[in-house]
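Asks: got a predicted model here, sequence first, then my questions.
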Amino acid sequence: MFKKISLPTSKKETYELLITSLKELISNDDCIMSILANTTSLIKYFLKGVSWVGFYLYVDNRLKLGPFQGLPACTTIEIGRGVCGSAFEKEQTIIVKDVRKHTNHIACDADTKSEIVVPLKVNNKMYGVLDLDSYQLARFTKTDQYYLEIVCNIVSQILSTLM
Ligand code: SME
């Protein structure tokens with residue numbers, strides 16, 4: 001059973017707790033979809049100011065909506081399109097501080113103001129991306145990038161044992 005805890009105020013401590021909880025929650029799971037679903041749930045629980053978090057997974061040469069938390073979202077994203085498709089193509093994290101100033105952005109929720117997309121590689125091959133949105137401008141920083149890349153590495157290591 002998942003135990004709710006009082007959340008620290010500092011970003012660093014919050015992410016460290018998130019990472020400890022993530023390892024406990026997913027390391028003994030043997031189902032890829034459950035692992036991805038619980039990862040999005042933990043991120044939504046721990047991080048303040050996140051309106052949407054989810055995975056887009058590489059299926060049939062494009063990205064398809066995977067497990068997520070938040071409002072319904074775009075189901076298909078072509079490689080290179082939007083922040084998700086660009087992060088996937090470049091195999092690099094992209095932080096968008098103001099989506100209105102970013103030409104290659106796909107709006108799934110008109111209230112979204114900022115976004116971060118982190119690549120998810122399994123066995124050194126692009127598997128999908130982790131996408132977080134916020135209704136706040138410039139919600140995501142290099143600190144978020146640092147820790148969310150660790151989150152994706154943990155997920156990647158566990159997924160690699162199941163494929
Ligand atoms: N904004 C993303 C699309 C996915 S939604 O934010 C959930 C993009 O530009 O790729």
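Replies: Good, I have the coordinates. Residues are numbered from 1 along each chain as shown.

Asks: from what I can see residue 136 touches residue 113, true?
Replies: Yes: contact criterion C-beta atoms under 8 Å: residue 136 and residue 113 qualify, at 6.0 Å. Yep, even glycine has a C-beta here, placed from its N, CA and C like the rest.

Asks: can you tell me the SS state at residue 36?
Replies: Of the three states, residue 36 takes helix under DSSP: H, G, I helix; E, B strand; the rest coil.

Asks: what is the neighbour count of it?
Replies: Residue neighbour count, defined by other C-beta atoms under 10 Å, stands at 24 for residue 36.

Asks: quick one: the strands in this protein?
Replies: 52-59, 62-69, 76-78, 94-96, 114-122, 125-134 (DSSP state E).

Asks: with mean pLDDT, mean neighbour count and distance to residue 102 as extra columns, can I get those in JSON lines?
Replies: Putting these into JSON lines (pLDDT from 0 to 100; neighbours: other C-beta atoms under 10 Å; distance: least, C-beta to C-beta, whole Å) gives the following:
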{"stretch": "strand 52-59", "mean pLDDT": "98", "mean neighbour count": "21", "distance to residue 102": "16"}
{"stretch": "strand 62-69", "mean pLDDT": "98", "mean neighbour count": "19", "distance to residue 102": "18"}
{"stretch": "strand 76-78", "mean pLDDT": "98", "mean neighbour count": "16", "distance to residue 102": "15"}
{"stretch": "strand 94-96", "mean pLDDT": "98", "mean neighbour count": "21", "distance to residue 102": "5"}
{"stretch": "strand 114-122", "mean pLDDT": "98", "mean neighbour count": "23", "distance to residue 102": "8"}
{"stretch": "strand 125-134", "mean pLDDT": "98", "mean neighbour count": "23", "distance to residue 102": "12"}
